[in-house]
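[1] got a predicted model here, sequence first, then my questions.
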Amino acid sequence: MSDFLLVLGNKRYSSWSLRGYLALKFAGIDFKEEVIPLFEEGTHAKIQSFASDAPPRVPLLLKDNLVVWDTLSIMEYAAENSNTGSLWPEDSAARAYARSVVAEMHAGFVALRSHIPMNLSRDDAYQPLLEDVQADIDRIFFIWENCRRQYASGGPYLFGRLSMADAAFAPVVSRLKSRSVPVTEICEEYCKAVWDLPAFAEWREAAAREPWIIDQ
């Protein structure tokens with residue numbers, strides 16, 4: 001194939017797909033996309049029809065002989081091939097910290113993922129959260145506030161300029177908003193900056209047009 005193809009899950013629900021999508025958008029990499037509805041009979045087969053040697057998960061990035069099936073790998077590939085400049089902090093210490101918090105987001109926060117899945121059509125009134133869910137959120141707030149205090153002079157994002165860290169945490173912004181979770185002033189400003197990203201707005205508009213509803 002001559003163009004990049006990004007295979008995605010439902011935009012209303014697929015937080016991993018959102019991260020891969022934002023990574024490519026941030027990097028200015030043109031791509032086509034194929035959305036495959038999740039949790040349906042044949043979903044796995046449809047995904048593997050694009051790359052039989054990859055696990056049946058989304059997102060999946062393809063071009064010619066390139067097959068990238070892990071979200072973090074897609075983010076790294078996008079950063080390495082960015083047309084918009086560096087998408088990791090230039091300073092080595094900041095870059096190491098950014099990679100650390102992205103890795104933590106990639107592998108952790110199980111309670112948050114389990115109890116507040118991404119759902120862009122949900123807008124509930126706040127209700128007290130389970131202790132382990134609140135602990136995950138408190139840790140995320142600590143990361144956000146620490147980053148913003150150190151790097152606010154460079155711009156409105158976690159490390160000042162837009163970076164892969166913002167792609168990693170964008171679905172969290174949606175999760176918090178869907179349950180009206182109270183946030184600190186610093187975190188509220190950061191959430192607004194991410195929510196207002198043009199690429200995120202495009203994603204939400206596309207999600208609103210999708211016909212698929214998943215009961216959770």
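    Ah, there it is.
[2] okay, CA-based contacts and neighbour counts for the rest of this
    Will do.
[3] so after the helix or strand of the chain at the bottom of the mean pLDDT ranking, what's the next helix or strand?
    None of the helices or strands of the chain scores lower by mean pLDDT, DSSP states H and E than helix 43-48, at a mean of 93. Using DSSP states H and E, the helix or strand that follows helix 43-48 in sequence is strand 60-63.
[4] what's next to the helix or strand just after that next one, contact-wise?
    Downstream of strand 60-63, the first helix or strand assigned by DSSP H and E is strand 66-68. Outside strand 66-68, the residues within contact range by Cα atoms under 8 Å, 6 or more residues apart in numbering are Ala51, Ala54, Leu60, Leu61, Leu62, Ile74.
[5] list buried residues within these.
    Neighbour-count burial (16 or more other Cα atoms under 10 Å) applied to these gives Ala51, Leu60, Leu61, Leu62, Ile74.
[6] which one of the residues you listed is nearest Ala208?
    Of all the buried ones among the contacts of strand 66-68, Ala208 sits closest to Leu60, with 22.1 Å by Cα to Cα.
[7] check what pLDDT that closest one gets.
    Model confidence at Leu60, given as pLDDT, is 97.
[8] list phi and psi for Val35.
    Backbone torsions of Val35, given as degrees, to the nearest 10, read phi -100, psi 130.
[9] ok, it to Ser49 distance?
    13 Å (Cα to Cα, to the nearest Å).
[10] of these two, which one has the most company?
    Val35 (16 against 12; other Cα atoms under 10 Å).
[11] contacting residues for that one?
    Val7, Leu8, Gly9, Asn10, Lys11.
[12] and the fourth one, what helix or strand is that in?
    Counting by DSSP H and E, there is no helix or strand that carries Asn10.
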